[in-house]
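# just a sequence and a predicted model for now, questions to come.
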Amino acid sequence: MGTDGKLGVGIVGLGWVSGEHVKAWRANPRCEVVALCSHSRENALGVQERHGLTGARVYTDWDEMVRDERVDVVDVCSVNSLHAPQGVAAAEAGKHVLIEKPAAIDLAGLRRLEAAVARANVKSLVGFELRWNPYFESVRAMIEADFFGRVYYAECDYFMSGLEKWYAGYDWIKTREKGGTALTAAGCHGVDSLRQCVRSEAVEVHAYAGNYTGVMEWDATITMLIRFADGAIGKMACSIEGNIPYEYNLRLHGDRGTLVNDRFLTHHLPGQTGWAQFPTIMPTNPDVANFPFKSEIDHLVDCIVEDRTPVVDIADAVKTFELIFGAEQSAREGRPVALPLPR
């Protein structure tokens, strides 16, 4: 922490999402962006100029940036395959870390990241920023107020297409080496949503997957069925191919109520005879400019300053990514996979 009491932030990976992160860090009066790292010095200088970060040092070597004594927090916004190794390096340097999703693209990387953060005893937050979307905040409040009773069935869809037409990172995200899979590239948000809504741990997953259009090197469509410890059933479907606009659907069935996106039935309203709808901000646009990064980053800063555990730290996110890697294993091997995965 600087002499002015502000947390110094270093951002590694200066592509699409990083601009929104910069804005969120700059909006928090307890932070200062002090370092920028990109494989392209020209790109880093451009970000520095666009955002008026005249005091930020520019790096092309991320290992050097994480050792900068002015950096207290490392924000990892790079290509998916670098999230785990850069997060490990940050933790080993004693820095708190914000890691854009996915935390890792394979189980080995996830385990290394989890161990490094635990050893260093630093704060960590994995970038499931939709937890701060007003819709999901409302759904969690409804669950906690017992609108639906015991949730015994939860279903989430994450559908979109056309990345090859509009996403600047398509050349790397389409590859298994750098992008990962449909779930690590995008659908992990849906898996995290299910875990928010079913207050029990997943114990088994069975999945089917396929690549039907060839726009990605990996299977761009996957559907999983999940069994939870309390007997609840979950279903999550993700497809990032074909011809479909962005859709993020959520359905919950409980013994006292039902939710379908922004419509609900609840025992709390004994005179209710049909669906009620609540106006809110739905997660209906994949453009990162619409995502609640400011609330996410403010939460991490509060946790660092007040010595609290972030709501979705690496220890929590491990459960989401074990579900993902278990589903991918199930699809490859044609059998259900028990959770948690072996260590």
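Arrived safely.
# in this structure L269 contacts A276, no?
Yes - the pair formed by L269 and A276 meets the contact definition of Cβ atoms under 8 Å, at 7.1 Å. From N, CA and C alone the C-beta is placed, and that goes for glycine too.
# mind listing what M160 touches?
Contacts of M160 were listed using Cβ atoms under 8 Å, 6 or more residues apart in numbering, and they are A186, S239, I240, I244, P245, Y246, E247, P286.
# of the residues you listed, grab the buried ones for ChimeraX.
A single ChimeraX command is used to select the members of the contacts of M160 judged buried by 16 or more other Cβ atoms under 10 Å:
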select :186,239,240,286
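# would a markdown table of the contacts of M160 with pLDDT be doable?
Written out in a markdown table, the entries for those read as follows (pLDDT from 0 to 100):
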| residue | pLDDT |
| --- | --- |
| A186 | 94 |
| S239 | 98 |
| I240 | 96 |
| I244 | 93 |
| P245 | 93 |
| Y246 | 93 |
| E247 | 95 |
| P286 | 80 |
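# which of the contacts of M160 sits closest to P336?
Taking Cβ to Cβ as the measure, S239 is the one of these closest to P336, at 21.5 Å.
# quick check: bridge partners of that closest one?
Counting by DSSP bridges, S239 forms beta bridges with F159, T221.
# what is the subsequent helix or strand relative to the least confident helix or strand in the chain by mean pLDDT?
Lowest mean confidence among the helices and strands of the chain (mean pLDDT, DSSP states H and E): helix 163-166, at a mean of 90. Sequence-wise, the next helix or strand beyond helix 163-166 is helix 170-173, with elements assigned using DSSP states H and E.
# how about residues contacting that next one?
Contacts for helix 170-173 (Cβ under 8 Å, 6+ apart): V79, N80, L163, E164, Y167, K178, G179, A185, M216.
# for the closest residue to the fifth one other than its chain neighbours, report the pLDDT, please.
Just to be clear, that refers to Y167. Using Cβ to Cβ, 6 or more residues apart in numbering and skipping the chain neighbours, the partner closest in space to Y167 is I173 (6.9 Å). The predicted local distance difference test score for I173 is 96.
# how near is I173 to V198?
To V198, I173 is 29 Å away according to Cβ to Cβ, to the nearest Å.
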